[in-house]
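Undergrad: From the sequence below, what's the structure:
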Amino acid sequence: MVHQQSSQGRLSPSGDTEDIVTLLAPRLAHFAGVARTEHVTRAAQEMNVPQSTLSRALVRLEADLGVDLFVRRGRTLALTVAGRTFLGSVERALAEVERAAEEVRADADPATGKVAFGFLHTMGAETVPGLLHAFRADHPRVRFSLVQNYGEAMLERLRAGELDLCLTSPVPDAPDLVARRLDEQKLRLVVPADHPLAGRRRIRLAEAADENFVTLEPGYGLRRITDALCKDCLLST
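TA: I've put the predicted structure just below:
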């Protein structure tokens, strides 16, 4: 039997790739099912779709491609050369879609999923390892993707959906975020051993108002906290 190219194709060789994918994607599983059984009725039963729907999908697929994918032999079908070539690529594409679906389902599973967890660099040495150790004692199969960054960058990634949660400071006050205060830490003033304030157990911030401070760059949460404390100190004097 001689393969004849259909003259009713809707897609030109120079057609836009995105348009081609949009047209073909819904019909690929139908094509693969029929190719596997070589029988429309049997494939319709296995795929739980009406036979008429499956038949129309195949006709439209061949029309969109502009080639015959099957040779009709009574109630059965046989793949043409073009059909066998197309089937190989379709099976790989469908397998990749299935793999991706399984991956995202696994990531979303509460028992075995993956959590994108962001935290400040200062919390990476003790706080985060302690939290993860305690959590995984009850949820040993949950996986974590860990991200260290400064506060504003993590909040941006949280809003973009790249993080599921983050540990930051100060506690963000934003209507689109849900925040909980987990802990409080003391701020300590570190000075040289021969500094006049050395040895003091407690000082007022105003006593260090004329000192040069070494602190983090603007944009970091701790920098915002110290700037706010210094500003409040100046306003109260």
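Undergrad: Go through stretch 165-175 and flag the buried ones.
TA: Neighbour counts using 16 or more other CB atoms under 10 Å place C166, L167, T168, S169, P172 of stretch 165-175 among the buried residues. C-beta coordinates here come from the backbone N, C-alpha and C atoms, glycine included.
Undergrad: Quote the end-to-end distance of it.
TA: Terminal residues of stretch 165-175 lie 16 Å apart, using CA to CA, to the nearest Å.
Undergrad: How about stretch 200-216?
TA: 24 Å.
Undergrad: what mean pLDDT does it have?
TA: Across stretch 200-216, the average pLDDT comes to 88.
Undergrad: ok, and for it, which residues are buried?
TA: Using 16+ other CB under 10 Å as the test for burial, stretch 200-216 gives L205, A208.
Undergrad: what does that stretch rub up against?
TA: For stretch 200-216, the external contacting residues (CB atoms under 8 Å, 6 or more residues apart in numbering) are L189, L197, L222, R223, T226, L229, C230, C233, L234, S236, T237.
Undergrad: Whichever of these end up buried, select them in ChimeraX.
TA: For anyone working in ChimeraX, the buried entries among these, judged by 16+ other CB under 10 Å, can be selected with:
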select :222,226,230
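Undergrad: Out of the contacts of stretch 200-216, list just those in helices.
TA: L222, R223, T226, L229, C230, C233, L234, S236 (DSSP state H).
Undergrad: Now tabulate the contacts of stretch 200-216 in CSV and tack on pLDDT and distance to L58.
TA: Shown next, in CSV, are those (pLDDT from 0 to 100; distance: CB to CB, whole Å):
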residue, pLDDT, distance to L58
L189, 87, 77
L197, 91, 84
L222, 84, 64
R223, 85, 64
T226, 88, 69
L229, 88, 72
C230, 88, 74
C233, 83, 77
L234, 78, 78
S236, 74, 80
T237, 65, 83
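Undergrad: Of the contacts of stretch 200-216, which pair is most distant in space?
TA: The largest distance within those, taken as CB to CB, falls between L222 and T237 and amounts to 22.9 Å.
Undergrad: Can you tell me the SS state at S145?
TA: When classified by DSSP: H, G, I helix; E, B strand; the rest coil, S145 comes out as strand.
Undergrad: Check what pLDDT it gets.
TA: We note a pLDDT of 93 for S145 in this prediction.
Undergrad: number of nearby residues for it?
TA: Residues lying near S145 (other CB atoms under 10 Å) number 13.
Undergrad: same deal with T85?
TA: With other CB under 10 Å as criterion, T85 counts 13.
Undergrad: pLDDT score assigned to it?
TA: For T85, the pLDDT comes out at 94.
Undergrad: mind checking which helix or strand it is in?
TA: Using DSSP states H and E, T85 maps to helix 81-108.
Undergrad: And that helix, what does it pack against?
TA: With contacts taken as 3 or more CB pairs under 8 Å, 6 or more residues apart in numbering; DSSP states H and E, helix 81-108 sits against helix 17-37.
Undergrad: Tell me which helix or strand comes right after the helix it packs on, heading toward the C-terminus.
TA: Toward the C-terminal end, the helix or strand that comes next after helix 17-37 (DSSP H and E) is helix 40-47.
Undergrad: tell me which residues in that following helix are buried?
TA: In helix 40-47, counting by 16+ other CB under 10 Å, buried: V40, R42, A43, A44, M47.
Undergrad: Identify each buried residue in the helix or strand just after it, please.
TA: Moving toward the C-terminus from helix 40-47, the next helix or strand (DSSP H and E) is helix 51-65. The neighbour-count check on helix 51-65 (16+ other CB under 10 Å) flags L54, A57, L58, R60, L61, E62, A63, D64, L65 as buried.
Undergrad: residue ranges with poor pLDDT in this protein?
TA: Scanning the chain for pLDDT under 70 picks out the ranges 1-23, 237.
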